[in-house]
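Q: need a 3D model of the following:
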Amino acid sequence: MRFKQFQDNWSSKRLSDIAEVVGGGTPDTTDSTLWNGGIQWFTPTEIGHSKYVSMSARTISQLGLQKSSAKILPAGSILLSSRATVGECSITQKDCTTNQGFQNLTPKKGINNEFLYYLAQTQKRHFIKYASGSTFLEISNSEIKKTKCAVPGIEEQTEIATFLSTIDKKIEVQNKIISKYESLIKGLCDKIFRHDKSVCLFNLVKCKTSILQENEIATYYNGEYNVFGASGIIANINKYQFEKDGILVLKDGSKAGKIQYAGGKYSVVGTSVVLIPNNADDARYLYFAMLSIDFDKYKVGSGIPHIYFKDYSCERIYYPNLALRIRIAKELDAYEKKVEIEKEMLSVLQKQKAFLLHSMFI
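A: Numbering: from 1, shown residues only. Model prediction:
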């Protein structure tokens with residue numbers, strides 16, 4: 001799919017031909033002189049949610065830059081996560097640095113940075129396919145550099161980037177609507193479940209694990225059963241691991257502690273655990289109850305955050321009689337349905353974008 005005014009052939013390139021591929025680093029976290037300076041320092045948690053980023057949660061000092069492998073990336077660079085949540089990306093609006101969970105792309109002469117941002121998104125399945133690792137997936141600097149792609153002239157790059165940006169703006173608005181509803185539900189859960197926490201989580205659920213890796217199923221979309229990853233349903237395959245409704249808790253990576261609900265027959269990537277309620281009628285209730293848990297206090301690991309069931313299983317849950325549990329879940333489900341409607345609209349926009357990315361890039 002091309003704009004009519006463009007007829008020239010696209011050139012075959014490697015990513016290293018069109019961009020500098022630059023990793024990141026982390027200063028010594030025990031040395032306060034290396035932190036809280038004026039240099040933005042991003043982690044994978046902070047990118048991929050929106051097209052642009054500018055302010056990081058933490059900053060490093062000039063000394064921190066000098067005493068680590070972190071490198072200054074100029075504004076307009078594409079921050080590309082290479083570890084755990086492989087292939088997520090955002091464009092930085094300011095000079096910045098990142099931790100070691102990135103292989104960032106700084107466009108070379110003749111390359112539109114927004115075009116490069118969308119080109120990187122078309123390569124996400126490739127990045128996942130060639131990632132490796134037993135604890136979490138990671139793609140190397142060398143694999144990124146030799147990734148093959150096709151590139152048009154600068155005018156066509158700009159036209160493509162401008163066109164796709166209109167879809168991204170709609171997606172951003174939709175995400176804000178969903179975020180407001182989710183914040184409302186989280187606030188209600190915090191109020192409902194903060195009193196009389198009488199039962200430990202480990203008495204209410206069984207924890208199940210998975211060894212399925214995302215790069216094993218990243219290209220499967222025509223199967224009967226959903227596969228859940230960190231970002232929701234990521235594939236559809238013809239076999240399943242679980243047939244009881246469960247609460248998925250992301251245990252590794254930038255979004256560790258994220259809660260999802262899975263019903264019917266489904267599979268789960270190994271970065272999440274599945275909590276199966278002992279009482280099947282409790283599935284929805286416990287899903288909402290767990291939204292009120294502060295998982296941040298259970299995170300460990302300086303590079304890639306991890307949380308473990310053995311640590312947060314001691315959390316106490318408000319657990320009234322069955323009739324009240326069902327009533328609470330029903331009331332909160334009414335708000336959750338609004339979120340699902342908005343997510344369906346978001347899914348339509350994302351499918352449109354995916355189609356365009358597939359159709360407009362060679």
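Q: any residues touching the lowest-mean-pLDDT helix or strand in the chain, and which ones?
A: Counting by mean pLDDT, DSSP states H and E, the weakest-scoring helix or strand in the chain turns out to be helix 214-217, with a mean of 79. Residues outside helix 214-217 that contact it (CB atoms under 8 Å, 6 or more residues apart in numbering): 86, 128-131, 137, 227, 229, 234-235, 237, 267, 269, 271. Using the backbone N, CA and C atoms, a C-beta is placed for each residue, glycine as well.
Q: the same query, at a cut-off of 7 Å, please.
A: Here helix 214-217 makes contact (CB atoms under 7 Å, 6 or more residues apart in numbering) with I128, K129, A131, L137, V227, G229, I234, A235, I237, V269.
Q: how about stretch 193-211?
A: Against stretch 193-211 from outside (CB under 7 Å, 6+ apart): 241-242, 268-270, 273-278, 282, 286, 289, 292, 309, 313-319.
Q: that stretch: end-to-end distance?
A: 32 Å (CA to CA, to the nearest Å).
Q: chain center to it: distance?
A: 25 Å (CA atoms, centre = their mean, to the nearest Å).
Q: residues of it that come out buried?
A: For stretch 193-211, burial by neighbour count (16 or more other CB atoms under 10 Å) applies to F193, L201, L204, V205, C207, S210.
Q: in strands only, show me those.
A: Of the buried residues of stretch 193-211, the ones assigned to strands by DSSP state E are V205, C207.
Q: centroid residue for this protein?
A: Nearest to the mean C-alpha position of the chain, by CA atoms, centre = their mean, lies S231 at 5.3 Å.
Q: quickly note the distance from that one to V339.
A: According to CB to CB, to the nearest Å, S231 stands 15 Å off from V339.
Q: likewise D190?
A: Going from D190 to V339 by CB to CB gives 17 Å.
Q: beta partners for the closest residue to I217 other than its chain neighbours?
A: Using CB to CB, 6 or more residues apart in numbering and skipping the chain neighbours, the partner closest in space to I217 is A235 (4.4 Å). Per DSSP bridges, residues listed as beta-bridge partners of A235: V227.
Q: so A235 sits against Y225, correct?
A: No - in this structure, A235 is not within contact of Y225 by CB atoms under 7 Å, at 9.4 Å.
Q: settle it for me: which of the two has more neighbours?
A: Using other CB atoms under 10 Å, the more surrounded residue of A235 and Y225 is A235, with 21 against 17.
Q: just the pLDDT for the more buried one.
A: A235 is assigned 86 on the pLDDT scale.
Q: ok, the closest residue to C89 other than its chain neighbours to V300 distance?
A: Spatial nearest neighbour of C89, excluding adjacent residues (CB to CB, 6+ apart): L80 at 4.7 Å. Remark: distance between L80 and V300 (CB to CB) = 25 Å.
Q: higher neighbour count, those two?
A: For L80 and V300, the more surrounded residue by other CB under 10 Å is L80, and the numbers stand at 32 against 11.
Q: how about that one, phi and psi?
A: Here is the backbone geometry of L80 (degrees, to the nearest 10): phi -120, psi 120.
Q: follow-up on the earlier one: who has more neighbours out of D190 and V339?
A: V339 (17 against 12).
Q: what's the closest non-adjacent residue to the more buried one?
A: What sits nearest to V339 in space, not counting adjacent residues and going by CB to CB, 6+ apart, is Y181, at 4.6 Å.
Q: and the helix or strand harbouring that neighbour, what's buried?
A: Using DSSP states H and E, Y181 maps to helix 154-192. When burial is assessed from 16+ other CB under 10 Å, helix 154-192 yields the following buried residues: 156-157, 159-161, 164, 167-168, 171, 174-175, 177-178, 181-182, 185, 188-189, 192.
Q: longest strand anywhere in the protein?
A: Longest strand of the chain, by residue count under DSSP E: strand 35-42.
Q: in it, what's buried?
A: Of all the residues in strand 35-42, those buried under the rule 16+ other CB under 10 Å are W35, G37, I39, Q40, W41, F42.
Q: show me what contacts the fourth one?
A: Neighbour list for Q40: M55, S56, T59, K94, C96, T97 [criterion: CB under 7 Å, 6+ apart].
Q: no further questions, thank you.
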